[in-house]
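Peer 1: Just a sequence and a predicted model for now, questions to come.
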Amino acid sequence: MDETIGFSVLGPIRVVRAGSELRLGARQQRLVLALLLARAGSPVALTELVDLLWDDDAPASAANVVHRHVGVLRRLFEPGLPTRSAGRYLPRELSGYRLRVDEESLDLLKFRSLSRLAGRHLRDGDPESALRHSLDGLRLWRGRC
């Protein structure tokens, strides 16, 4: 069964799968997810994730802790996913991870797309369409981050 997952960062971080909001776990796990979402489909190095969680005071087990958080997120997104399986959304990259999202699944990418479209309409002399797309983008925001 193909379950749609929606990610939101324009306000509190949320993940909705099959119409239900997921509990995202502990603070460190939410921080890992937040950075992956902020990078919107670009790779995030393991060292960046470690620095995010511990600054200059990372324990020797830091990489393993990050891998564990990623594994929990994978199984949260895709229940029943076997241990150590990358799944559909969170593959391992050369030196880190990438969260596979597009503008249909992540509000930030949709907002950026609408902003670009509004700018294009404005440059083309169509301020009404520019305003409509700008307002559509602003409607995606759900409060403070």
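Peer 2: Structure received. Everything numeric here is computed off the predicted structure, so don't read it as measured data.
Peer 1: Tell me where the chain is predicted with low confidence.
Peer 2: Applying pLDDT under 70 to the chain flags the ranges 1-2, 145.
Peer 1: mind listing what the spatially most central residue of it touches?
Peer 2: The geometric centre of the chain, computed from its C-alpha atoms, lies nearest to Leu37 (C-alpha atoms, centre = their mean), at 2.2 Å. If you count contacts by C-beta atoms under 8 Å, 6 or more residues apart in numbering, Leu37 has them with Phe7, Val9, Ile13, Leu99, Val101, Leu106, Leu108. Heads up, the C-betas are built off the backbone N, CA and C, glycines and all.
Peer 1: 10 Å - rerun?
Peer 2: Phe7, Ser8, Val9, Ile13, Val15, Val44, Leu99, Val101, Leu106, Asp107, Leu108, Leu109 (C-beta atoms under 10 Å, 6 or more residues apart in numbering).
Peer 1: any idea how far it is from Arg23?
Peer 2: 16 Å (C-beta to C-beta, to the nearest Å).
Peer 1: So which of the contacts of Leu37 are in strands?
Peer 2: Using DSSP state E, the members of these that fall within strands are Phe7, Ser8, Val15, Val44.
Peer 1: Could you export these as TSV, including neighbour count?
Peer 2: TSV is the format used below for the ones in strands among the contacts of Leu37 (neighbours: other C-beta atoms under 10 Å):
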residue	neighbour count
Phe7	21
Ser8	20
Val15	20
Val44	20
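Peer 1: Turn these into a markdown table, columns for distance to Pro82.
Peer 2: Converted to a markdown table, the ones in strands among the contacts of Leu37 look like this (distance: C-beta to C-beta, whole Å):
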| residue | distance to Pro82 |
| --- | --- |
| Phe7 | 23 |
| Ser8 | 28 |
| Val15 | 20 |
| Val44 | 23 |
